[in-house]
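Participant: predicted model and sequence below, questions to follow.
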Amino acid sequence: MEQPVNDVLQTAPLSFEHFRQEVLNDYRMACLSREASLLGRKEVLTGKAKFGIFGDGKEVPQLAMAKFFKPGDFYSGYYRDQTFAFATGSATVKEFFAQLYADPDPGHDPHSAGRQMNSHFATRFVDEDGSVLDLVNRKNLAAGMAPTAAQIPKAVGLALASKVFREVEVVKQFANLSRNGNEVCFATIGDASTSEGHFWEAMNAAAVQQIPLAIFVWDDGYGISVPKKFQTAKGSVSEALKGFQKKEGTNGIDIYKLKAWDYSGMCEVLEAAIEKIRTTHIPALFHVEEVTQPQGHSTSGSHERYKSPERLQWEREWDCNRKMKEWMIENSLTTEEEVMQLENEVKEQVRRERNEAWEEYQIPIKGQVEQVLALMEEMHPLEAHTDAAAHLYSELKSNREPNRRDVARCLFKYTSLAQQSPARKKAEHYYQELAHSNAALYNTHLHLEHTAGSALHVPVVPAQYDDSSTVMNGYEVLNRYFDQLFNNNPKVLAFGEDLGYIGDVNQGFAGLQARHGNGRIFDTGIRELTIMGQGIGLAMRGLRPIAEIQYLDYLVYGLQPLTDDVATMQFRTAGRQAAPLIVRTRGHRLEGIWHSGSPMGMIINSLRGMYVCVPRNMVQAAGMYNTLLQSNEPGLVIECLNGYRLKEKLPSNLTDFTVPLGKPEILHQGTDVTIVSYGSTLRIIDEAVHHLSLLGISCEVVDVQTLLPFDTDHLILQSLQKTNRIVFVDEDVPGGAAAYMYNKVMEEQGGYRYLDVAPRTITGKAHRPSYGSDGDYFSKPNAEDIIAVVREMMQE
Ligand SMILES: Cc1ncc(C[n+]2csc(CCOP(=O)(O)OP(=O)(O)O)c2C)c(N)n1
Ligand SMILES: [Mg+2]
């Protein structure tokens, strides 16, 4: 976009001096950010930080983008965007260095409290209990992630929320969440990362839904070393996307090509283009070409290995900062002297902020070192250990850049070599203190611990039944439930494949779109990944989405955003951001290699940070939805596919009763053996228990109800203390969720102490279930398997 400067001057309603200052301020920011990149790399190379990845070469396009980013807007980008974070006032250079050093103090690195690799910025979306703040009057940067393109699915949701706020009457009342949907979500991605399916799925979802999404592709020609001819069809993402181009009377996206070194051209195009997105909700892609990467990809390697001398020379000449400076001078906006002075001031500022960040990071550690050295001096090592102890002492004393690990290690080892004495006691005590404070720094915020927003603190309200309670099919229970829920809670939305018009494949939402509107209950394309992304973005913007995955087996397609984004969100932002998304799916047992999988081990091990609910029937499911909706935390609810046509009694307090998470229920009392399970297997167990009772064996059946969390009051242990025999049953593969339950009860609850016979697991086979009734019977646990195992246990 080579635009003459006069175009900008004419469109800007500013005095020349005002305009000149604005441009100079931008250039100052470009230099500041460049200097941060240069010094940042040095910090890694000299060993003060582990790894660095920087935004050099991308400064000017980010300054242009930042100009049109307003309070109320959202950003979902990646590790190259420090300039944007600085320019929007969302991060300081000092914070940038604190994050580079992995400083765990949230006062120093408020974006991630040292938990994220560098240049992942996050503004505060929620308060301590996970309640959403006023997002309308602040600039909102959603925490990025290292996996390439992971930021894109949730950008779809952040943008979709604006459409919901503009079109759905009942949410217009929430003035802290939107101004009539006028917010734009700005997303950024590298050229090579557009090769990911995430990108293409998101572009299609945005094009179909018409949402205010502005995607910027920073095209520096490479993904680490692999050039774009191997990455992208025709070597150009905007060329490859041509079929998506919006035309008169079609949906689609607007596509713009920009040059990264052309400050004025980018400003001019973006001013109009972002305004168009804001008013029309037509998404746009900005293909920013001729971007450079002066220091190479990251501190892990050098780009001389894969870029030709000609390319390197071209990058030097077309460096965006250099080009901006030339343009300013050519157009008499500044002079060489003024620029030189500015550059010197900036260098000084970055050095100062870096030094302050390092000092502040080191102060508490140095304090610990002093304390530990003093404690070591007080202790007396056993005679045989004097050399080893002296070595530990000098190691710590001479460490010029100690970290917390060095302190804890030295103290632990030294103490173990010391004689018993009051000094050793004191040292042991201090070690415990450090362990505590380090746990608070590094191991917190997986959930909303100890706050009113925690799902574990939702008051328990039992389901109520009266004489007139009707008995109906499970799917009808859910249908009544969702109907009442949508009447009572305006923030709730539900969407997924076949969920809108026909009301989901099992009729839980049948007829509800007509009653509550297609802005709240709607169909999506077959795109599990961006269905999850939609849910994440909507939840971050203060709505309460129920995002449906049609069958449990297909959760795998949507698992990446759940494991990398939702499950880590509170943790990696140290509580600044949360996505209280509810994922609804159905699964376990139906005949077929798919539609009958139960990959629970995979799920619970990838979703620490979410709750995983496995209701045995639809009333329990409704109670779990209520619990999750009363909290500010995310959860997955897996309904039993074979439960929709089973008869259940309808509670009278359908949207008020709650099922507490982590609290098993005893479904059948017994004295000989405890059978632990959940979900649809409980019906198989029921059959087995009946037959075993004919054989004189009395079984106690425990429904764990939720796998995350798991039996927080150790109720299973109490059952085991009575029966002294235990078996864990589920439909997952051997070593899956049954092994998890086994581990919880044996190790965490200390169940091994009460065993009379070896504990057992009964699981599905290691392969996917075969098709048909016989395939199901011989692939999954069946009643006869359970009877045989329990009898064997009784005979031991
Ligand atoms: C899913 C995933 N695969 C691989 C990586 C390793 N990786 C990090 S950055 C990168 C290249 C990205 O290139 P591009 O999207 O062009 O962004 P750039 O760094 O050039 O700005 C790769 C392969 C990753 N972080 N995530
Ligand atoms: Mg690239």
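Facilitator: Looks like it came in fine. Ligands and ions are numbered 1, 2, ... in the order given.
Participant: for ligand 2, give me its nearest residue in the stretch 51-200 of the chain.
Facilitator: residue 190 (3.9 Å; CB to the ion). (C-beta placed from N, C-alpha, C; glycine too.)
Participant: for that residue, grab the count of nearby residues.
Facilitator: 24 (other CB atoms under 10 Å).
Participant: and it, how far is that from ligand 1?
Facilitator: Using CB to the nearest ligand atom, to the nearest Å, residue 190 is found at 2 Å from ligand 1.
Participant: likewise for residue 588?
Facilitator: From residue 588 across to ligand 1, the span is 30 Å (CB to the nearest ligand atom).
Participant: show the pLDDT at that residue.
Facilitator: pLDDT, residue 588: 84.
Participant: I figured it was touching residue 596, is that so?
Facilitator: Yes. Taking contacts as CB atoms under 8 Å, residue 588 lies within contact range of residue 596: 7.2 Å.
Participant: next, show the common contact partners of these two.
Facilitator: Taking CB atoms under 8 Å, 6 or more residues apart in numbering as the criterion, residue 588 and residue 596 both touch residue 641.
Participant: quick check: residues of this protein near ligand 1?
Facilitator: Those residues of the chain that sit near ligand 1, judged by CB under 6 Å from any ligand atom, are 80, 146-148, 190-193, 218, 220, 222-224, 297.
Participant: farthest-separated two in those?
Facilitator: 147 and 220 (19.0 Å; CB to CB).
Participant: who has more neighbours out of those two?
Facilitator: Set residue 147 next to residue 220 and count neighbours by other CB under 10 Å: residue 220 wins out with 22 against 16.
Participant: helix or strand for the more buried one, which one?
Facilitator: Assigned by DSSP states H and E, residue 220 belongs to no helix or strand.
Participant: ok, the closest residue to it other than its chain neighbours - how many residues close by?
Facilitator: Distances taken as CB to CB, 6 or more residues apart in numbering put residue 291 closest to residue 220, at 4.1 Å, once the chain neighbours are dropped. Burial of residue 291 is recorded as 26 neighbouring residues (other CB under 10 Å).
Participant: surely residue 291 and residue 320 touch.
Facilitator: Yes. With contact defined as CB under 8 Å, residue 291 counts as touching residue 320 (7.4 Å).
Participant: how about the helices in the stretch 451-600 of the chain?
Facilitator: Secondary structure of the stretch 451-600 of the chain by DSSP state H, counting those that start in this stretch: the helices cover 474-488, 512-516, 528-540, 555-561, 567-572, 600-606.
Participant: meant to ask about the stretch 251-400 of the chain
Facilitator: Under DSSP H, counting those that start in this stretch, the stretch 251-400 of the chain gives helices at 263-280, 309-317, 320-330, 336-378, 386-398.
Participant: so for residue 655, which of these sits nearest?
Facilitator: Closest approach to residue 655 among those is made by helix 263-280 (36.4 Å; CB to CB).
Participant: what mean pLDDT does the closest one get?
Facilitator: The model assigns helix 263-280 a mean pLDDT of 98.
Participant: quick one on the thing from earlier: what's the closest non-adjacent residue to the residue of the stretch 51-200 of the chain closest to ligand 2?
Facilitator: That would be residue 218: by CB to CB, 6+ apart, it lies 5.6 Å from residue 190.
Participant: for that neighbour, grab the count of nearby residues.
Facilitator: 25.
Participant: ok, it - contacts?
Facilitator: Contacts of residue 218 by CB under 8 Å, 6+ apart are 58, 61, 80, 188, 189, 190, 191, 260, 288, 291.
Participant: how about a cut-off of 6 Å?
Facilitator: 58, 80, 190, 288, 291 (CB atoms under 6 Å, 6 or more residues apart in numbering).
Participant: which residue would be the closest one in the stretch 201-350 of the chain to ligand 2?
Facilitator: Counting by CB to the ion, the stretch 201-350 of the chain gets nearest ligand 2 through residue 220, at 4.3 Å.
Participant: just the buried members of the residues of the chain next to ligand 1?
Facilitator: Buried members of the residues of the chain next to ligand 1, counted by 16 or more other CB atoms under 10 Å: 80, 147, 148, 190, 191, 192, 193, 218, 220, 222, 223, 297.
Participant: which of those residues has the weakest pLDDT?
Facilitator: Ranking those by pLDDT, residue 297 lands last with 94.
Participant: I'd say that one and residue 224 touch.
Facilitator: Yes. Here residue 297 lies in contact with residue 224, judged by CB atoms under 6 Å, at a distance of 4.8 Å.
Participant: mind putting the helices of the stretch 451-600 of the chain in JSON lines, mean pLDDT and mean neighbour count included?
Facilitator: As requested, those are exported to JSON lines (pLDDT from 0 to 100; neighbours: other CB atoms under 10 Å):
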{"stretch": "helix 474-488", "mean pLDDT": "98", "mean neighbour count": "21"}
{"stretch": "helix 512-516", "mean pLDDT": "98", "mean neighbour count": "18"}
{"stretch": "helix 528-540", "mean pLDDT": "98", "mean neighbour count": "29"}
{"stretch": "helix 555-561", "mean pLDDT": "98", "mean neighbour count": "21"}
{"stretch": "helix 567-572", "mean pLDDT": "98", "mean neighbour count": "24"}
{"stretch": "helix 600-606", "mean pLDDT": "97", "mean neighbour count": "21"}
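Participant: so which of those gets nearest residue 430?
Facilitator: Here helix 567-572 is closest among the helices of the stretch 451-600 of the chain (CB to CB), at 27.3 Å.
Participant: tell me what that closest one is packed against?
Facilitator: Packed against helix 567-572, as judged by 3 or more CB pairs under 6 Å, 6 or more residues apart in numbering; DSSP states H and E, are no other helices or strands.
Participant: chain center to that helix: distance?
Facilitator: Its chain's C-alpha centre and that of helix 567-572 lie 6 Å apart, by CA atoms, centre = their mean, to the nearest Å.
Participant: equivalent analysis for stretch 207-221, please.
Facilitator: 21 Å.
Participant: end to end, how far does that stretch reach?
Facilitator: End-to-end distance for stretch 207-221, by CA to CA, to the nearest Å: 25 Å.
Participant: ok so, going back, you'd agree the residue of the stretch 201-350 of the chain closest to ligand 2 is up against residue 288?
Facilitator: No. With contact defined as CB under 6 Å, residue 220 does not count as touching residue 288 (9.3 Å).
Participant: so how many other residues sit close to residue 194?
Facilitator: Residues near residue 194, counting by other CB under 10 Å, number 26.
Participant: residue contacts, it?
Facilitator: Here residue 194 is in contact with residue 237 (CB under 6 Å, 6+ apart).
Participant: all helices of the stretch 651-796 of the chain, in order?
Facilitator: With DSSP H, counting those that start in this stretch as the criterion, the stretch 651-796 of the chain has helices at 681-694, 715-723, 737-743, 772-779, 783-795.
Participant: tell me what angle the first one forms with helix 783-795.
Facilitator: By that I understand helix 681-694. Following axes from the mean of the first three to the mean of the last three CA atoms, to 10 degrees, one obtains 50 degrees for the angle between helix 681-694 and helix 783-795.
Participant: just list what helix 681-694 packs against, helices and strands only.
Facilitator: Applying 3+ CB pairs under 6 Å, 6+ apart, one finds that helix 681-694 contacts strand 699-703, helix 783-795.
Participant: just how off-centre is that helix within its chain?
Facilitator: 40 Å.
Participant: contacts for that helix, please.
Facilitator: The contact list for helix 681-694 (CB under 6 Å, 6+ apart) reads 616, 668, 675, 677, 699, 701, 703, 729-731, 783, 786-787, 790.
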